[in-house]
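**Q** Got a sequence here, can you build the structure:
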Amino acid sequence: MTHSAATRDAATRQRHIQEEQDQHDRAAAQGAGAAPGAEDASAVQAGARAHPRDLPAQHLAKPGREADLQLQPQFQAPQYEGSRKLQDKVALITGADSGIGRAVAVLYAREGADVAIAYLDEHEDAQETARWVEKEGRRALLLPGDVKDPAFCRDAVARTVEAFGKLDVLVNNAAFQEHAADIGDLTEERFDETLRTNVYGYFHMAKAAVPHLKEGASIINTGSVTGLRGSPQLLDYSTTKGAIHAFTKALAQNLVDKGIRVNAVAPGPVWTPLNPADSPAEAVKDFGKKTQMKRAAQPEELSPAYVFLAAPVCSGYITGIVLPVTGSVGES
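**A** Numbering: from 1, shown residues only. Predicted coordinates for the structure are as follows:
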């Protein structure tokens, strides 16, 4: 099967899982009535610019496209000035078409890196990410495919090295998420899709990348606050994120003698297509309001953490950590 056919199959499978859950949600809403909203309180604004508290009540078809969001995520980080922390490095980022992946691609380019953009089938979003990378004066490479497929992962790494001559940073960021109120709603198909995308995908990419990584290189995995404390409606997703945290620590120990650092970022709620493509519209509008900062993060509030963990000048003595960026105190 070609990479193109595989991506179509994966996207179709994910939409089928979503349609089944949407039916469960409609039935539950009819039986229970409207859910109460989050308590009214001002959002905390502690960053370089203000970020939205109120989000649109919007539900997207999977895999979710940033271009379709009514409120566009803030990924540009206009106050962030590059200082050549990744000058002439090469980074491969999965799930780089939108959300956190896009924000990381933009800052990596601003810091001097060329960026390979791996994604499923969100071509319009991926092309927009590439335009932003090129706007920063760096080269971009588009790599559509399914990270569950080890052949695609090997091909993505090979094409990156062929295009740019090397590979210095791998960011494993692609993910599948679909909520379920009851364990009985979790089919084996759904559990398998989540596990194979979120865990196998990271394993396949790391295995393909390691032979090309040299001393000073870095692997950064996207974990989640759900992997730190669980989530009652994201049982399978939380399971994979906990596995990613353990995978990070184990791989860090496996590669430390080679001078390759492995770390993870554990985001809290972040405004990306992932959640509107998961939760019902009414739940989306209150997304992130239960954090102590009383709002969801914007992608540009996560991306500097990925710069920090990628840049040898910043984190050359750091490996095997899971860095929480959650909008709340005490997540670890």
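**Q** Go ahead and flag the most central residue of this protein.
**A** Relative to the mean C-alpha position of the chain, the nearest C-alpha, by CA atoms, centre = their mean, is the one of Asn173, at 3.9 Å.
**Q** That one: what's it in contact with?
**A** Going by CB atoms under 8 Å, 6 or more residues apart in numbering, Asn173 touches 93-96, 100-101, 104, 222. Every residue, glycine included, has its C-beta placed from N, CA and C.
**Q** cool, Ser332 as well?
**A** Taking CB under 8 Å, 6+ apart as the definition of contact, the neighbours of Ser332 are 228, 324.
**Q** try 6 Å this time
**A** Applying CB atoms under 6 Å, 6 or more residues apart in numbering, we find Ser332 in contact with Pro324.
**Q** Please report the distance of it from Arg13.
**A** Distance check for Ser332 against Arg13: by CB to CB, to the nearest Å, it reads 35 Å.
**Q** Show me where the stretch 51-200 of the chain has its helices.
**A** Under the criterion DSSP state H, counting those that start in this stretch, the stretch 51-200 of the chain carries helices at the ranges 99-110, 123-135, 150-164, 188-195.
**Q** So what touches the next helix or strand after the shortest one?
**A** Downstream of helix 188-195, the first helix or strand assigned by DSSP states H and E is helix 201-209. Contact partners of helix 201-209, identified using CB under 6 Å, 6+ apart, comprise 147-148, 150, 153-154, 157, 170, 172, 174, 219, 221.
**Q** Buried ones only from those, please, as a PyMOL command.
**A** Under the burial definition 16 or more other CB atoms under 10 Å, those of these that qualify are selected in PyMOL by:
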select buried, resi 147+148+153+157+170+172+174+219+221
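**Q** before we move on, the earlier item: quick check on the residue nearest to the centre of the chain: phi, psi?
**A** The phi and psi values for Asn173, taken as degrees, to the nearest 10, are phi -140, psi -20.
**Q** Check what pLDDT the residue lying closest to Pro78 once chain neighbours are set aside gets.
**A** In space, not counting the residues next to it along the chain, Pro78 is nearest to Arg49; the distance is 7.4 Å by CB to CB, 6 or more residues apart in numbering. According to the prediction, Arg49 has pLDDT 91.
**Q** Can you report how many residues lie near Arg49?
**A** Burial measure for Arg49: 11 neighbouring residues, criterion other CB atoms under 10 Å.
**Q** And it, how far from Thr291?
**A** Taking CB to CB, one finds Arg49 at 18 Å from Thr291.
**Q** Next: Ala217.
**A** 33 Å.
**Q** cool, and Pro312?
**A** For Pro312, the distance to Thr291 (CB to CB) stands at 32 Å.
**Q** For these two, indicate the residue with more neighbours.
**A** Per other CB under 10 Å, whichever of Pro312 and Thr291 has more neighbours is Thr291, with 20 against 17.
**Q** where in this structure is pLDDT low?
**A** Within the chain, the ranges that satisfy pLDDT under 70 run 1, 15-16, 18-41, 62, 274-275, 278-279.
**Q** let's go with 50 and repeat that
**A** Within the chain, the segments meeting pLDDT under 50 span 33-40.
**Q** partners of the helix or strand that contains Ile220, with directions?
**A** For Ile220, the enclosing helix or strand under DSSP H and E is strand 218-222. Each strand that pairs with strand 218-222, with its direction, by DSSP bridges: strand 169-172 (parallel), strand 261-267 (parallel).
**Q** Ala103 versus the residue nearest to Pro78, what's the distance?
**A** Noted for Arg49: a distance of 14 Å to Ala103, by CB to CB.
**Q** got it, and Phe308?
**A** Distance of Phe308 to Ala103, given as CB to CB: 14 Å.
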